[in-house]
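In: what follows is a predicted protein model with its sequence.
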Amino acid sequence: MFTSPRLPSPYRPEADIVATDLQRLAGALDWAAAAQSAQPWVQAVRDNPPPFWAMESLLKEYPISSAEGLALMRLAEALLRVPDAETAIALTADQLGRADFDGAGDGVMARLSASAIAMSKMFLPEGGQPNIMSKLGARTVVAATLRAVQLLGRQFVLGQTIGDAMDEADDARKKISGLRFSYDMLGEGARTDKDALRYLASYTDAIQAIAKGAQTNLATEQNDGISIKLSALHPRYEDAQRDRVMAELVPRVWGLCELSARANINLTIDAEEVDRLELSLDVFEALAAQVAQHHPQWQGFGLAMQAYQTRALELIEHVTAIARKYQLRLMCRLVKGAYWDSEIKRAQEMGLPHYPVFTHKHHTDVSYLACVQALLDAPDAIYPQFAGHNAATIAAILQMASRNAVPFELQRLHGMGEGVFREVLKNPLISCRVYAPVGAHRDLLAYLVRRLLENGANSSFVHQLADESVGMGELLTSPLRLEPEPSLPLPPALYGADRPNSLGLDLTVQSMRAPLLAALNTTTVPLVPVFDHTQAAAAVKRAVASQPAWNTLPVGERAAVLRRAADALQQQMPTFCALLIKEAFKTWGDAVSEVREAVDFLRYYANEAERIMQPVALPGPTGETNALRLTARGAWVCISPWNFPLAIFMGQVAAALATGNAVLAKPAEQTPGVAAAAVDLMHAAGVPAGVLQLLHGPGETVGAALVAAPQVAGVVFTGSTQVARIINRALAAKEGPIVPLIAETGGINAMLVDSTALPEQVVDAVVQSAFRSAGQRCSALRLLCLHEGIADHVIEMIEGAAKELVVGATADLATDLGPVIDREAYDNIQRHLQRLGASARVLNTSGRATAALPHVIAPTAFEVPRLADVKDEIFGPVLQIVRWGSGELATPEAVIAQINALGYGLTLGVQTRIDSRAQALAAAAHVGNIYVNRNMIGAVVGVQPFGGEGLSGTGPKAGGPHYLYRFCAEQTVTVNTTAAGGNAALLAGVR
């Protein structure tokens with residue numbers, strides 16, 4: 001479908017791209033002249049500030065970097081969606097208690113603060129349950145704060161209905177003639193098909209309303225229009241679901257295009273995240289072909305482009321080629337970008353080689369200006385729309401456009417840049433369109449405030465415009481310069497030079513996923529012979545004999561072996577991913593993550609061993625030296641699970657080897673092939689065969705024999721609580737030394753959600769935590785505790801989102817969850833499903849099956865009447881939901897108490913915007929890993945050390961700074977120096 005080669009990888013050196021952009025701008029722009037043109041606009045805004053609710057004044061009164069500004073923004077993000085008074089009071093107290101609104105200035109905002117927000121100091125409870133009087137006062141403060149937030153909503157949202165928005169637009173045109181509008185109906189993307197269809201109806205209604213007011217005798221660009229978000233029109237708008245998107249989404253969007261074309265109004269497809277860019281282009285070209293066939297005279301079809309993406313120029317070239325291929329003139333809305341923080345974090349988490357966005361703000365400005373020139377250079381194909389609020393950038397656009405008289409328009413966001421545009425639009429020849437969000441404040445503020453928080457940093461022009469301490473020269477300084485290094489460490493250097501971050505892959509990039517798919521066709525799972533358990537004692541004897549030589553190697557040499565293994569594993573990622581797909585039924589995303597985790601374990605434990613195994617000098621009296629040192633224990637039995645057959649296997653083995661121990665590795669019966677490949681890799685890296693032995697077989701025979709064998713120095717086990725108890729009893733019954741056990745077992749992992757949480761974020765976290773990986777993670781969500789005020793809505797969204805999950809063969813990139821590991825696991829889960837089907841309310845979470853495979857269990861959820869009834873861990877894609885907010889679960893503290901009473905303590909999720917509540921619940925929970933406002937899976941080595949307490953394990957935490965100590969014995973060596981003639985240094989000093 002693409003008219004030219006696919007876009008290049010977004011993960012390229014930033015400096016190389018900026019250098020190309022600067023070359024394009026050479027001779028095309030006189031920045032000094034542009035800055036001189038912008039200076040009067042800036043001075044006029046500072047001399048005559050815009051209304052107090054305009055963004056410039058708001059940021060001047062309460063900068064986002066201040067406690068007051070952040071509190072106001074966070075209240076705007078959450079307060080309107082809170083249904084119950086108690087939580088609203090708690091949220092308001094939490095946020096306003098962190099700020100001092102008493103010290104504001106004399107403006108209207110300050111007076112509002114003094115009369116409403118500052119009252120929180122007197123009335124809002126600081127902790128515990130408020131009494132009646134304080135509660136009455138708190139309700140008054142919350143009501144006033146709600147009013148303040150609603151007023152803030154008017155700053156962001158043009159109207160709560162399309163009719164209201166159009167009325168506001170007409171009023172604005174009375175002040176500035178010729179002003180145009182692009183109405184944006186939504187914020188969040190759809191999580192369910194029901195939501196997508198509702199959003200589709202909303203877009204349809206809006207287009208019909210706009211069409212009635214359109215001046216059909218004018219050119220398309222002179223009419224108002226609409227901006228649509230593709231991710232709002234399909235619940236699985238992602239690259240892996242490309243076939244579904246093209247079959248289901250394109251017809252929906254085409255219906256909107258037809259309505260717009262017939263009314264001669266414009267329709268712009270909004271920008272999405274980097275990983276959706278090429279998918280957006282596929283959809284865009286499919287629609288462009290339809291436009292060319294059915295409405296070739298319509299010139300209102302457009303696409304938003306983000307200049308902060310490193311592929312921005314190539315994107316413009318690509319869209320220009322589409323326009324020329326279909327003989328269309330396309331609208332292109334150039335913005336700087338809206339998801340910067342998210343793109344940075346994603347690249348870091350995925351271990352990508354570079355960032356897909358520019359890390360220096362002025363590099364984004366350079367890219368923007370280069371894109372301006374590229375758009376102006378294609379007047380036959382493109383109608384440029386330049387969105388932004390930077391006065392100097394606007395002046396540069398006007399200068400560049402004046403050279404060839406290309407028609408274009410400027411754009412601004414409703415509520416932002418009003419002061420600058422008041423001055424710019426004094427020139428009647430300049431056209432301006434306002435990008436205007438439309439919808440209920442409750443729905444849109446959360447989205448818009450997050451975008452503001454992400455892009456309202458101190459370095460932004462809008463922020464600096466309001467700060468008169470920023471001089472004119474600094475404010476209008478030229479961005480046309482190149483920084484040779486990014487402003488942030490690249491993802492591979494995230495953890496410093498001493499421990500390279502494991503490299504990952506972006507499966508949405510064709511060149512990155514191609515080696516994985518190729519490896520799938522060439523990789524076979526090795527056949528691993530079953531070890532004769534009667535030879536366990538001999539294997540232990542061999543390990544014991546081999547261990548001293550390994551232990552006498554300097555720790556740096558052992559660490560070097562582990563690092564060689566890590567590098568080799570990194571290089572062989574495609575092969576190991578293919579093994580995980582074929583033997584462990586991993587999805588591609590899970591396979592890549594697991595290989596990375598194994599690499600991280602090897603490097604982290606190599607570093608940790610070098611850190612902790614150096615002798616520590618201790619104080620003492622004159623005439624003696626004292627040193628504390630760690631020594632290896634001997635031969636360890638490492639028993640690993642099938643759900644992480646590479647990462648946990650390698651983590652256990654690496655920890656024991658790094659500290660000088662020998663290893664008898666007993667992998668899970670279901671996944672010996674992955675373990676065998678890992679052991680071969682370790683041997684090739686330099687681990688002697690006797691020091692690391694692979695002993696495959698059933699736990700009842702091989703595992704039991706190894707645990708029972710004499711001379712075993714320790715056991716590390718990951719698996720079920722039941723098996724951990726068996727091992728513990730077997731070790732306790734042995735004669736001889738007391739042998740340590742490191743056990744990481746399962747859990748009834750819970751997530752507590754209060755009514756301040758954003759439902760879309762909750763649903764994303766729940767679906768990822770409960771159903772991805774077929775629920776076969778130790779950390780997977782098993783019990784969801786929803787506040788009753790939002791439970792119905794969130795449950796409905798979970799049902800709809802789960803229905804969209806693809807259940808099938810994991811070799812298919814589109815698959816979200818594959819089969820459970822084997823028949824035994826399947827039968828065990830089925831027994832639980834039958835029990836819950838008879839005692840709980842079954843929810844409709846069927847998923848989408850793509851193949852008839854054995855041992856497949858679709859995402860399943862139940863609503864249970866009581867938290868205390870949840871007794872067992874169900875190791876599969878099964879979620880139990882309970883409501884709280886009244887009765888025995890009246891408070892979040894009561895919920896945590898009952899979770900603690902279950903006896904498990906592995907992972908806990910908390911979804912709340914009340915920061916103090918999150919911290920208090922974390923302190924009260926007897927849980928090893930607590931995740932606030934995110935999913936509960938995917939602990940990263942050295943970042944989120946993993947392990948629980950109670951029925952969930954013994955500790956210490958894997959991937960943490962205390963883990964290796966358990967593999968060591970401690971030894972104190974004291975030397976009496978006086979025995980050899982006294983302390984010569986001391987005697988010399990006295991004399």
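Out: Looks like it arrived, so ask away.
In: what segments of the stretch 1-150 of the chain are helices?
Out: Taking DSSP state H, counting those that start in this stretch to define them, one finds helices in the stretch 1-150 of the chain at 14-25, 31-47, 55-61, 67-78, 85-96, 108-115, 120-123, 132-156.
In: okay if I get these as TSV plus mean neighbour count and mean pLDDT?
Out: Every residue, glycine included, has its C-beta placed from N, CA and C. TSV is the format used below for these (neighbours: other Cβ atoms under 10 Å; pLDDT from 0 to 100):
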stretch	mean neighbour count	mean pLDDT
helix 14-25	18	97
helix 31-47	17	95
helix 55-61	23	62
helix 67-78	22	82
helix 85-96	23	88
helix 108-115	18	45
helix 120-123	17	46
helix 132-156	18	71
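In: what's the closest of the ones you listed to residue 290?
Out: When these are compared by Cβ to Cβ, helix 14-25 sits nearest residue 290, at 32.7 Å.
In: just checking, what packs against the closest one?
Out: helix 312-325, helix 361-376 (3 or more Cβ pairs under 8 Å, 6 or more residues apart in numbering; DSSP states H and E).
In: just say which of those is most tucked in.
Out: helix 361-376 (a mean of 24; mean count of other Cβ atoms under 10 Å).
In: where do the helices of the stretch 301-450 of the chain begin and end?
Out: Under DSSP H, counting those that start in this stretch, the stretch 301-450 of the chain gives helices at 312-325, 340-350, 361-376, 391-402, 418-424, 441-455.
In: what's the average pLDDT for the last one?
Out: Predicted confidence along helix 441-455 averages 73 (mean pLDDT).
In: now do the shortest one
Out: Confidence over helix 418-424, taken as the mean pLDDT, stands at 93.
In: try the second one
Out: Average pLDDT, helix 340-350: 96.
In: which stretches of the stretch 851-991 of the chain form strands?
Out: Taking DSSP state E, counting those that start in this stretch as the test, the strands found in the stretch 851-991 of the chain are 860-863, 878-884, 907-911, 929-932, 968-976.
In: nearest to residue 341, of these?
Out: strand 929-932 (16.9 Å).
In: name the residues of that closest one that are buried.
Out: 929-931 (16 or more other Cβ atoms under 10 Å).
In: of the residues you listed, closest to residue 974?
Out: Distances from residue 974 to the buried residues of strand 929-932, taken by Cβ to Cβ, are shortest for residue 929, at 39.8 Å.
In: do you know the pLDDT at the closest residue to the closest one other than its chain neighbours?
Out: Nearest non-adjacent residue to residue 929, counting by Cβ to Cβ, 6 or more residues apart in numbering: residue 907, 4.7 Å away. According to the prediction, residue 907 has pLDDT 98.
In: burial count for residue 907?
Out: The tally of other residues near residue 907 (other Cβ atoms under 10 Å) stands at 30.
In: does it touch residue 938 like I think?
Out: No - taking Cβ atoms under 8 Å as the definition, residue 907 is not a contact partner of residue 938, at 10.7 Å.
In: spatially central, which residue of this structure would that be?
Out: residue 346 (5.8 Å; Cα atoms, centre = their mean).
In: minimum distance to residue 684: which of the helices of the stretch 1-150 of the chain has it?
Out: helix 14-25 (35.9 Å).
In: which neighbouring elements make contact with the strand or helix carrying residue 283?
Out: Assigned by DSSP states H and E, residue 283 belongs to helix 277-294. Judged by 3+ Cβ pairs under 8 Å, 6+ apart, helix 277-294 is in contact with helix 250-263, strand 266-269, strand 301-306, helix 312-325.
In: roughly how far apart are residue 257 and residue 167?
Out: According to Cβ to Cβ, to the nearest Å, residue 257 and residue 167 sit 26 Å apart.
In: er, residue 501 actually
Out: 53 Å.
In: and residue 379, how far from residue 409?
Out: 13 Å.
In: can you check residue 899 too?
Out: 56 Å.
In: and those two? which has more neighbours close in?
Out: Higher neighbour count among residue 899 and residue 409: residue 899, with 26 against 18, using other Cβ under 10 Å.
In: just the pLDDT for the more buried one.
Out: Reported pLDDT for residue 899: 98.
In: do residue 871 as well
Out: For residue 871, the predicted pLDDT is 89.
In: if I look at it, how far off is residue 951?
Out: Relative to residue 951, and taking Cβ to Cβ, residue 871 is found at 11 Å.
In: quick one: which of these two has more around it?
Out: residue 951 (19 against 8).
In: am I right that residue 227 sits in a helix?
Out: No - counting by DSSP: H, G, I helix; E, B strand; the rest coil, residue 227 is located in no helix; its state is strand.
In: gap between it and residue 357?
Out: Taken as Cβ to Cβ, the span from residue 227 to residue 357 is 21 Å.
In: looking at the two, which one has more neighbours?
Out: Applying other Cβ under 10 Å to residue 227 and residue 357 shows that residue 357 carries more neighbours, namely 26 against 23.
In: alright, calling it a day.
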